[in-house]
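mind looking at a prediction? Sequence and model below.
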Amino acid sequence: MHRYLSKDGWLAALVAGSVSGLLLNLANEPFGIGLLGLVAVIPLLGQFENGWRRRLLAGWLAGFLLQAFGYHWIFQTIRDFGGQSNTVSALGTVAFQLYQGLDVAVWLLLAPLLCRHLPKPGRPFAAAATWLLVQDHLFPYTFPWDYGNIFAGASPLGEAAAFWGATGLGFLALSIQGVAVWYPRKPAVLTCAALLVAMASGIAARSTGAVETWRVGVIQPNLIARAKSALYSTDFFNAHFEASKAFRDRQLDLLVWPETALPFDLSANEAYYKRLQSLTRMLNAPLVLGTVEVPERGSYYNAIWMITPDGEPPQKYRKEKLVVFSEALPWYVGWVKHFGVAMGGFLVGQNNEVFRWKNREMVPLVCFEALFPDYVRKRTGHLMLNLTNDAWFGETAASSQHLQQIQLRSAETGMPLVRATNSGISCWVDTRGAVRDAGGLYVPETHVFEVPVPVEKPRVTSVFGVWSIRVVGIFILGWGILAAIRNRSGRDQAE
């Protein structure tokens, strides 16, 4: 099998790209067979000796197939929520999938150039380091994904993110596959040893301190985005407010509404704000909700507010990681934002702090901000709050894929995460990265999650593993570049 996959030729490239694309899809949601992430890239690694055109084909095909199955919902988002024809929606979807799938092609073009001049022991790690270089720095994603998040549901491997982080897990998984390709005689022994070390380090790093149970209420109203133009401020407010009354006498510690639960400037609606203050006093618990702030005409913040029962001014968080081609636009199409707020009129939040209530600290995150491990680690607290609106996805696997991509933030930080969504999936994630009490999709629901929260703010241990991986990656990439330069100089002198 190894000889066949390494064989030079277009058929081998097509087979390798197709098999890797299939395995990557099976490893991700909705199938969620995470352990397939330990073999999914082996066919592509077998293409390292092939020509650059064939490598480009194999990588792009694998990336495109991953995007085509994972992001097929883009079609109905463009059609139903963007108001475009089927033809325009189909063309836009294919263009998006081809673009996003280029990351694997870029990796498969670059990695062999760095690997071929290294001794065999360095090649698996050079291939993995190049993948990280592409994912973290070279490729400008619209919707980012991290290879290591594949293992979110693959316990106990996913728990190793407590030390290695999703970035480190991806590096280890890719290195293991490189060992299987370049050391085919003893892959099982080396692979098992690496997995045992990874899992043991993650278990050792996981926080085991005292916890207290927080009762967190969550409202999932199921207000579909395409219907928002027909709704008024009172409709949004009443849908959440009336559902929240059911929590009277439920002894909540916290109530959470989803992203843009109130898609208007709450600071300009004093009557609504006073009613929210009365709600927090009735529940004797803070309310965290998504809203929109309008600092000046034509500009907006996607914001989270926390309103407390003590009558203090609201604590505010403004989204820093904006969605490209939706909340923010590249400079070359910046003029489009003048046609509407949905076309890039949002501002980047700055100088955000955690939310504080009594002796508790909460880390707010808007929607896909939770996909970025380095960003999430910037602030620490007792609990993470992820407010999301995934109604744009329709009834597809995208909601479960989005959830899979954020699960490991809890293992990485030691903080459990409560997720409040407009249309699903509302849930909480424990510090092992496991989803708990997941609700339904496209149904109105209310939840009370009993979440074990650390009494003391956990120490983030994953940063040590992540940076150790990056240091190793930089060293190996530098070694590969120097070896390539030395090899080129030797050829020039010989000529």
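That came through fine. Residues are numbered from 1 along each chain as shown.

and the strands in this protein?
Under the criterion DSSP state E, the chain contains strands at 211-220, 254-256, 262-265, 287-296, 299-307, 315-318, 355-357, 360-366, 383-388, 417-421, 427-429, 435-436, 445-454.

just put these in JSON lines and tack on mean pLDDT and mean neighbour count.
Where C-beta positions appear, they are placed from N, C-alpha and C, glycine not excepted. Shown next, in JSON lines, are the strands of the chain (pLDDT from 0 to 100; neighbours: other Cβ atoms under 10 Å):
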{"stretch": "strand 211-220", "mean pLDDT": "95", "mean neighbour count": "20"}
{"stretch": "strand 254-256", "mean pLDDT": "97", "mean neighbour count": "26"}
{"stretch": "strand 262-265", "mean pLDDT": "87", "mean neighbour count": "19"}
{"stretch": "strand 287-296", "mean pLDDT": "90", "mean neighbour count": "20"}
{"stretch": "strand 299-307", "mean pLDDT": "91", "mean neighbour count": "23"}
{"stretch": "strand 315-318", "mean pLDDT": "96", "mean neighbour count": "21"}
{"stretch": "strand 355-357", "mean pLDDT": "96", "mean neighbour count": "19"}
{"stretch": "strand 360-366", "mean pLDDT": "96", "mean neighbour count": "24"}
{"stretch": "strand 383-388", "mean pLDDT": "96", "mean neighbour count": "27"}
{"stretch": "strand 417-421", "mean pLDDT": "96", "mean neighbour count": "28"}
{"stretch": "strand 427-429", "mean pLDDT": "96", "mean neighbour count": "25"}
{"stretch": "strand 435-436", "mean pLDDT": "94", "mean neighbour count": "18"}
{"stretch": "strand 445-454", "mean pLDDT": "95", "mean neighbour count": "18"}
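
next, format those strands as CSV and append distance to residue 48.
Compiled in CSV, those are given as follows (distance: least, Cβ to Cβ, whole Å):
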stretch, distance to residue 48
strand 211-220, 47
strand 254-256, 48
strand 262-265, 50
strand 287-296, 46
strand 299-307, 43
strand 315-318, 45
strand 355-357, 49
strand 360-366, 38
strand 383-388, 39
strand 417-421, 38
strand 427-429, 37
strand 435-436, 37
strand 445-454, 45
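
who wins for proximity to residue 169 among those strands?
The closest of those to residue 169 is strand 427-429. By Cβ to Cβ, the value is 16.2 Å.

helices or strands up against that closest one?
Judged by 3 or more Cβ pairs under 8 Å, 6 or more residues apart in numbering; DSSP states H and E, the packing partners of strand 427-429 are strand 417-421, strand 435-436, strand 445-454.

quick one: residues in contact with the shortest one.
When you say that, I think you mean strand 435-436. For strand 435-436, the external contacting residues (Cβ atoms under 8 Å, 6 or more residues apart in numbering) are 153, 403, 407, 425, 427-430, 449.

go again with 7 Å.
For strand 435-436, contacts defined as Cβ atoms under 7 Å, 6 or more residues apart in numbering pick out 403, 407, 427-430.

between those residues, which is nearest residue 77?
For these, the closest approach to residue 77 (Cβ to Cβ) belongs to residue 403, at 17.6 Å.

got a list of what the closest residue to the closest one other than its chain neighbours touches?
For residue 403, ignoring the flanking residues on the chain, the nearest one in space by Cβ to Cβ, 6 or more residues apart in numbering is residue 425 at 5.4 Å. By Cβ under 7 Å, 6+ apart, the contact list for residue 425 reads 399-400, 403, 438-439, 441.

from residue 9, how far out is residue 321?
Look at residue 321 and residue 9: by Cβ to Cβ, to the nearest Å, they are 42 Å apart.

of the two, who's got more company?
residue 321 (21 against 12; other Cβ atoms under 10 Å).

am I right that that one is in contact with residue 369?
Yes. With contacts counted by Cβ atoms under 7 Å, residue 321 reaches residue 369, the gap being 4.4 Å.

tell me, what residue is most central in this protein?
residue 371 (2.5 Å; Cα atoms, centre = their mean).

tell me the confidence at that one?
pLDDT, residue 371: 92.

please name the nearest non-neighbouring residue to it.
residue 405 (5.1 Å).

list the residues that contact the one you found.
With the criterion set at Cβ under 7 Å, 6+ apart, residue 405 makes contact with 145-146, 149, 371.

let's see the pLDDT reported for residue 390.
With respect to pLDDT, residue 390 scores 86.

hmm, it is touching residue 426, no?
No. Assessed by Cβ under 7 Å, residue 390 is found out of contact with residue 426, at 10.2 Å.

could you dump the helices and strands packed on strand 427-429 into a markdown table and include distance to residue 163?
Converted to a markdown table, those look like this (distance: least, Cβ to Cβ, whole Å):
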| stretch | distance to residue 163 |
| --- | --- |
| strand 417-421 | 18 |
| strand 435-436 | 21 |
| strand 445-454 | 17 |
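
what about residue 148, distance to residue 38?
12 Å.

higher neighbour count, the two?
Using other Cβ under 10 Å as the criterion, residue 148 and residue 38 rank with residue 148 on top: 29 against 23.

so who does the more buried one touch?
161, 166-170, 408.

nearest to residue 60 among these?
Out of these, the member with the shortest distance to residue 60 (by Cβ to Cβ) is residue 170, at 19.9 Å.

tell me how far the closest one lies from residue 112.
19 Å.

do residue 32 as well
The value you get for residue 32 to residue 112, if Cβ to Cβ is used, is 31 Å.

the stretch 101-250 of the chain: helices as residue ranges?
Remark: helices assigned in the stretch 101-250 of the chain by DSSP state H, counting those that start in this stretch are 102-115, 123-133, 161-182, 187-205, 233-244.

so which of those is nearest residue 384?
helix 161-182 (14.3 Å).

and of the contacts of residue 405, the nearest to residue 118?
Comparing the contacts of residue 405 against residue 118 with Cβ to Cβ places residue 146 closest, at 25.1 Å.

name all residues that make contact with that closest one.
135, 166-167, 170, 405.

closest one of those residues to residue 266?
The closest of those to residue 266 turns out to be residue 405 (Cβ to Cβ; 29.2 Å).

distance check, the closest one against residue 356.
28 Å.

hang on, the earlier thing: compare the helices and strands packed on strand 427-429 and give me the one nearest residue 28.
strand 435-436 (14.7 Å).

need the longest helix for this protein.
helix 462-494 (DSSP state H).

relative to helix 123-133, how tilted is that one?
Between the axes of helix 462-494 and helix 123-133, defined by axes from the mean of the first three to the mean of the last three Cα atoms, to 10 degrees, the angle is 110 degrees.

got a list of what residue 104 touches?
Contacts of residue 104 by Cβ under 7 Å, 6+ apart are 59-60, 62-63.

let's see it at 8 Å
Counting by Cβ under 8 Å, 6+ apart, residue 104 touches 20, 44, 59-60, 62-63, 66.

again with residue 387
256-259, 261, 288-290, 304, 364-367, 420-421.

over to residue 386?
Counted by Cβ under 8 Å, 6+ apart, residue 386 has contacts 365-367, 369-370, 406, 417-420.

of those, closest to residue 90?
residue 367 (25.9 Å).

hang on, that closest one packs against residue 392?
No. Between residue 367 and residue 392 there is no contact under Cβ atoms under 8 Å: 10.2 Å.

I'd say residue 311 and residue 276 touch.
No. Between residue 311 and residue 276 there is no contact under Cβ under 8 Å: 11.7 Å.

these two - which one has more neighbours?
Per other Cβ under 10 Å, whichever of residue 311 and residue 276 has more neighbours is residue 276, with 23 against 9.

once you drop chain neighbours, what's closest to the more buried one?
residue 307 (5.3 Å).

that neighbour and residue 369: what is the separation?
Distance from residue 307 to residue 369, counting by Cβ to Cβ: 21 Å.
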